[in-house]
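>>> predicted model, plus sequence, below.
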Amino acid sequence: MKPVSADNFDIAAHVRAGDRVIFGQASAEPLTLTRALVERRAEIGPFSVFLGACYSDCFAPENTDGISVSAYGAVGVAGKLAKADRLDVLPLHYSALNRAYAEGALKADVVLLQLSVDPKTGRYGLGFSNDYAVLAARHARTVIAEMNPAAPWTHDAELPSDIVPNLLVEASYPPQDIPQPPIDETSMAIARHVVEMIPDGATLQFGVGSLPEAVMAALSGHRDLGIHSGSMGDRLVDLVECGAVTNARKSLDAGRSVAGVLLGTKRLRDFVHGNKDFSLRPAAHTHGHKVLARQRGFIAVNSAIEVDLTGQVNAEMANGRYVGAVGGQVDFVRGANAAEGGRAIIALPATAKGGTLSRIVASVSSVTTPRSDVDAIVTEYGLAGLRGCTLAERAKRLIAIAAPHFREALSRALYEQNRGAHG
């Protein structure tokens, strides 16, 4: 099938009023198609979209009149939509979300993909993201693919042969760049505690944001690290080039970095293009419990909004508003806990709002990761290992890593909770 030019493409001929539309996330967003969709929204009539980690401005609040927006979290532009009360959140673990689309329990009428082309064979590839969008394509009425010459050819991410796009469209825009987030001094202080828990030869997973980026930046002195992560950005290139990441000791996918979604810039695109030492795998592999449990020395590094004195983790809500996501945190925490020599690390600053609000709290407003799964909590004030600890021991350890000026108040809150419990 020969691609049509963007000038000759009419998205209103393919999307109907009432349709549910899904498209690739992060750098896999097919900007030629999503921009056309937004520009023609009034002509199409009311429809809905499902967002992943979306970093373009296509679905900014001012562009979504007539569009109902849902997402698996308030990531990227979805955070702005949540703040504007324009977002409905689907709170599923990332593994379950992908499984639901694979099985057809969740469906889309129209799927918009961005594809790359293997320069040697001409085969189509998924480029930046091997995720729920391609799984949804199997059950969709219409599949439209943007052919982007700047998208990388990534190994293990060929477009499945049973998915045949109804239409191919030439790209008018380069892929969405997602620069590395800035790293502040507090994040680096936290990272120094985290890297002490990471031995040479460990296989690592990183969440998204400044804290995981800071941990990666602090790992340059390590050796023979492996990568098995849901997402990965430009920092991967740094770790490979400095010799920290070789993937040599991985018990699965030895010699290869593995991720499911790419969130980076041209530097990352160039690095993964045709690189046999990088594998773009679906969530059944990146987040699959049996896979993670078999990865010896698997260490998951994720962040949180707040943690309570029993160890419960909130990575979703702040001040009654959705600001995060369930995402893959629980998938990776449970996988790391099941792996031989694994560790599940939750890292967060001890305070928010310029030090006026403690993020170690008496009770969380929402539970993302339950206390029974939590292994280790890290702030700039140290590490609280919670495995095998009673509730009283957990509270003591967590108060010790809270900001000093909040420790007395937390101790009083704990006393009041215990007094109330014993009535």
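Yes, it's here. Numbering: from 1, shown residues only.

>>> go through the longest helix seen in the chain and flag the buried ones.
Counting residues, the longest helix in the chain under DSSP state H turns out to be helix 404-421. Applying a neighbour-count criterion of 16 or more other CB atoms under 10 Å, one finds Phe406, Arg407, Leu410, Ala413, Leu414 buried in helix 404-421. From N, CA and C alone the C-beta is placed, and that goes for glycine too.

>>> partner strands of the helix or strand hosting Val111 and their direction?
Using DSSP states H and E, Val111 maps to strand 110-117. Here the strand partners of strand 110-117, with direction, are listed using DSSP bridges: strand 20-23 (parallel), strand 124-125 (antiparallel), strand 142-147 (parallel).

>>> please export the C-alpha coordinates of it as CSV.
This file holds the C-alpha atoms of strand 110-117, laid out as CSV (Å, rounded to 0.1, in the frame of the first residue of the first chain):
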residue,chain,number,x,y,z
VAL,A,110,-10.2,3.9,15.4
VAL,A,111,-6.5,3.4,16.2
LEU,A,112,-3.8,5.8,15.0
LEU,A,113,-0.3,4.4,14.8
GLN,A,114,3.1,5.8,13.9
LEU,A,115,5.3,3.3,12.0
SER,A,116,8.9,3.1,11.0
VAL,A,117,10.4,1.1,8.0
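
>>> same question for it, mean pLDDT?
Average pLDDT, strand 110-117: 97.

>>> export the buried residues of helix 404-421 to CSV and tack on distance to Asp85 and pLDDT?
Formatted as CSV, the entries for the buried residues of helix 404-421 read as follows, by distance: CB to CB, whole Å; pLDDT from 0 to 100:
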residue, distance to Asp85, pLDDT
Phe406, 31, 98
Arg407, 36, 98
Leu410, 32, 98
Ala413, 31, 95
Leu414, 35, 94
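
>>> who's in contact with the residue lying closest to Arg294 once chain neighbours are set aside?
Nearest-residue entry for Arg294: Leu252, 5.7 Å, with adjacent residues in sequence omitted and distances by CB to CB, 6 or more residues apart in numbering. Under the criterion of CB atoms under 8 Å, 6 or more residues apart in numbering, the contact partners of Leu252 comprise His228, Val291, Arg294, Gln295.

>>> name the member of these with the most neighbours.
His228 (30 neighbours; other CB atoms under 10 Å).

>>> picking that back up, so for the residue nearest to Arg294, what pLDDT did the model give?
Taking Leu252 on its own, its pLDDT is 97.

>>> distance of it relative to Gly297?
Counting by CB to CB, to the nearest Å, the separation of Leu252 from Gly297 is 11 Å.

>>> run through the helices of the chain in chain order.
31-39, 41-44, 77-83, 94-103, 132-137, 185-195, 210-217, 235-241, 266-272, 283-286, 289-293, 329-338, 391-400, 404-421.

>>> closest one to Ile360 among those helices?
With respect to Ile360, and counting by CB to CB, the nearest of the helices of the chain is helix 391-400 at 5.5 Å.

>>> that closest one - contacts with which helices or strands?
Contact analysis of helix 391-400 by 3 or more CB pairs under 8 Å, 6 or more residues apart in numbering; DSSP states H and E lists strand 382-385, helix 404-421 as its packing neighbours.

>>> can I get it as PDB, trimmed to CA atoms?
Output in PDB follows, covering the C-alpha atoms of helix 391-400 (Å, rounded to 0.1, in the frame of the first residue of the first chain):
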ATOM      1  CA  LEU A 391       3.600  -1.600  61.900                       C
ATOM      2  CA  ALA A 392       5.300  -0.100  64.900                       C
ATOM      3  CA  GLU A 393       8.800  -0.700  63.400                       C
ATOM      4  CA  ARG A 394       7.700   0.700  60.100                       C
ATOM      5  CA  ALA A 395       6.400   3.900  61.700                       C
ATOM      6  CA  LYS A 396       9.700   4.400  63.600                       C
ATOM      7  CA  ARG A 397      11.800   3.900  60.500                       C
ATOM      8  CA  LEU A 398       9.600   6.200  58.300                       C
ATOM      9  CA  ILE A 399       9.600   9.000  60.900                       C
ATOM     10  CA  ALA A 400      13.400   8.800  60.900                       C
END
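
>>> Cys389: neighbour count?
If you count neighbours by other CB under 10 Å, Cys389 ends up with 18.

>>> how many neighbours does the closest residue to it other than its chain neighbours have?
Nearest-residue entry for Cys389: Arg397, 6.7 Å, with adjacent residues in sequence omitted and distances by CB to CB, 6+ apart. The burial count assigned to Arg397 is 19, neighbours taken as other CB under 10 Å.

>>> surely Arg397 is in contact with Leu386?
Yes - judged on CB atoms under 8 Å, Arg397 makes contact with Leu386 at a distance of 6.8 Å.

>>> helices or strands up against the worst-scoring helix or strand of the chain on mean pLDDT?
Among the helical and strand segments of the chain, the one scoring lowest on mean pLDDT, DSSP states H and E is helix 404-421, with a mean of 91. The contact analysis (3+ CB pairs under 8 Å, 6+ apart) places helix 404-421 against strand 357-358, strand 360-361, helix 391-400.

>>> would you mind measuring the gap between the ends of stretch 127-144?
Counting by CA to CA, to the nearest Å, the length from the leading to the trailing residue of stretch 127-144 is 15 Å.

>>> on that earlier part again, among the helices and strands packed on helix 404-421, show me which one is buried the most.
With neighbours defined as mean count of other CB atoms under 10 Å, these peak in mean count at strand 360-361, which reaches a mean of 22.

>>> what separates that one from the chain centre, distance-wise?
Computed by CA atoms, centre = their mean, to the nearest Å, the separation of strand 360-361 from the middle of its chain amounts to 24 Å.

>>> now swap in stretch 139-146 and tell me
Its chain's C-alpha centre lies 24 Å from the corresponding centre of stretch 139-146 when counted by CA atoms, centre = their mean.

>>> also stretch 10-20?
Relative to the chain's own centre, stretch 10-20 is displaced by 29 Å; criterion: CA atoms, centre = their mean.

>>> can you pull the domain assignment for this structure?
In the domain annotation for the chain, the residue ranges read 6-170, 185-418 (automatic domain parsing).

>>> any weak-confidence spans in the protein?
Applying pLDDT under 70 to the predicted model, the residue ranges of the chain that meet it are 421-423.

>>> show me what contacts the nearest residue to Gly341 once chain neighbours are set aside?
Spatially, and ignoring its direct neighbours in sequence, Gly341 is nearest to Gly297 (4.4 Å; CB to CB, 6+ apart). Neighbouring residues of Gly297 by CB under 8 Å, 6+ apart: Pro199, Gly201, Ala202, Thr203, Arg249, Ser251, Ala339, Glu340, Gly341, Gly342.

>>> good, we can wrap up now.
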